[in-house]
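1. Next input, structure requested:
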Amino acid sequence: MDREQLKTLLEQVRSQAVEVDEALDRLRHMPFEDIGFAKVDHHRALRVGMPEVIFGKGKTADQIHAIASRVLSQCPNLLATRVSPENAQLLKNAFPDAEYFPLSGALRVWRDRTIRGKGTLAVVSAGTTDLPVAEEAAVTAEVMGNEVSSIHDVGVAGIHRLFGNLDRLLDARVIVVCAGMEGALPSAVGGLVSCPVIAVPTSVGYGASFNGLAALLGMLNSCASNVSVVNIDNGFGGGYVASLINRA
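-> As a prediction, the model looks like this:
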């Protein structure tokens, strides 16, 4: 239950459209609901404006379905990340309006499409192999109520491609940049814009990239002061933090 839903419920109690006992019944699972193997945090939507997100990797289809069912009983939107294709198909059978993104493994139910961000949120990727991480960031940002502009394959090996999208970068209120190899792209973007840049290192690259560690360290050492960094391959974290900034 998010802030608007709670406000509506309280207004209904005040106008006597809803009985007090019924309201208490609706609120019985706040702040969390214990379903045995998981404690579903129903209070999170009220705290941060986004219901609990399910990390699908390592969970069975039954576990994801049980958590998803409880989340959707209180909130219109749902996001699960790193869901296998097999589990995604079972979940789509259970929730016909669910969308699955096989590249990133993200699955969402997006019923409330209200735009809550104050401006455009751009998601930029260096190369085609960074797309799974960029897609996770974009899907996250969209379901959190942002207008997303995706700019792909503009890495520093062909920096003119980035300049060809300069107007779109300057129009953005916050930017998520996903890059592997040496991780230089967020610094290049940060030097061109005045808005916050969330850098997402990816595990793309040859041996000395150390599965994204080189990109992570390069981004942490960025000389562009508007660049902040999340963990390796954490497109979800990049999209989430950018969404919070875009709402502020």
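2. contacts and neighbour counts: CA atoms only from here.
-> Will do.
3. helices and strands around the strand of greatest length in the chain, which ones?
-> Longest strand in the chain by number of residues (criterion: DSSP state E): strand 172-179. Judged by 3 or more C-alpha pairs under 8 Å, 6 or more residues apart in numbering; DSSP states H and E, strand 172-179 is in contact with strand 120-125, helix 131-143, helix 185-190, strand 197-201, helix 235-247.
4. Could you check what's spatially nearest to Ser243, not counting adjacent residues?
-> Leaving aside its chain neighbours, Ser243 sits nearest to Ala141 (5.8 Å; criterion: C-alpha to C-alpha, 6 or more residues apart in numbering).
5. Give me the nearest residue to the residue positioned nearest the centre of the chain, chain neighbours excluded.
-> With distances taken as C-alpha atoms, centre = their mean, the residue of the chain nearest its centroid is Thr140 (2.4 Å). Nearest residue to Thr140 in three dimensions, chain neighbours excluded: Gly239, at 5.5 Å (C-alpha to C-alpha, 6+ apart).
6. Run through the residues that contact that neighbour.
-> Applying C-alpha atoms under 8 Å, 6 or more residues apart in numbering to Gly239 gives the contacts Glu136, Ala137, Ala138, Val139, Thr140, Ala141, Val176.
7. Would you confirm that the last one contacts Val200?
-> If I follow you right, that is Val176. Yes: the pair Val176 / Val200 is scored as a contact, 7.2 Å apart, by C-alpha atoms under 8 Å.
8. Which one of the two is surrounded by more residues?
-> The neighbour comparison of Val176 against Val200 (other C-alpha atoms under 10 Å) goes to Val200, with 35 against 32.
9. how close does the spatially closest residue to that one that is not a sequence neighbour get to Glu86?
-> Distances taken as C-alpha to C-alpha, 6+ apart place Cys178 nearest to Val200, at 4.6 Å, with adjacent residues excluded. Here the criterion is C-alpha to C-alpha, to the nearest Å. By it, Cys178 lies 27 Å from Glu86.
10. Likewise for Gln16?
-> Distance from Gln16 to Glu86, by C-alpha to C-alpha: 47 Å.
11. returning to what we had before: can you pull the contacts of the residue nearest to Ser243?
-> Leu121, Glu147, Val148, Gly239, Tyr240, Ala242, Ser243.
12. try it again with 7 Å
-> Gly239, Tyr240, Ser243 (C-alpha atoms under 7 Å, 6 or more residues apart in numbering).
13. for those, which one is nearest Leu78?
-> Distance to Leu78 across the contacts of Ala141 (C-alpha to C-alpha) is lowest for Tyr240, with 13.6 Å.
14. can you count the residues close to that closest one?
-> Tyr240, neighbours per other C-alpha under 10 Å, totals 22.
15. How about the contacts made by it?
-> By C-alpha under 7 Å, 6+ apart, the contact set of Tyr240 is Thr140, Ala141.
16. What segments of the protein are helices?
-> Using DSSP state H, the helices of the chain run over residues 3-14, 20-26, 44-48, 61-72, 85-94, 131-143, 159-163, 166-171, 185-190, 213-220, 235-247.
17. Take those helices and write them to CSV, including mean pLDDT and distance to Ala38.
-> Listed next are these as CSV, based on pLDDT from 0 to 100; distance: least, C-alpha to C-alpha, whole Å:
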stretch, mean pLDDT, distance to Ala38
helix 3-14, 82, 23
helix 20-26, 77, 20
helix 44-48, 75, 15
helix 61-72, 92, 8
helix 85-94, 94, 18
helix 131-143, 97, 22
helix 159-163, 92, 44
helix 166-171, 96, 41
helix 185-190, 97, 37
helix 213-220, 97, 32
helix 235-247, 97, 21
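18. Grab the nearest non-local neighbour of Leu162.
-> Leu162's closest residue in space is Val154 (C-alpha to C-alpha, 6+ apart), at 5.0 Å.
19. Enumerate every residue touching the one you found.
-> Ser125, Ala126, Gly127, Arg161, Leu162.
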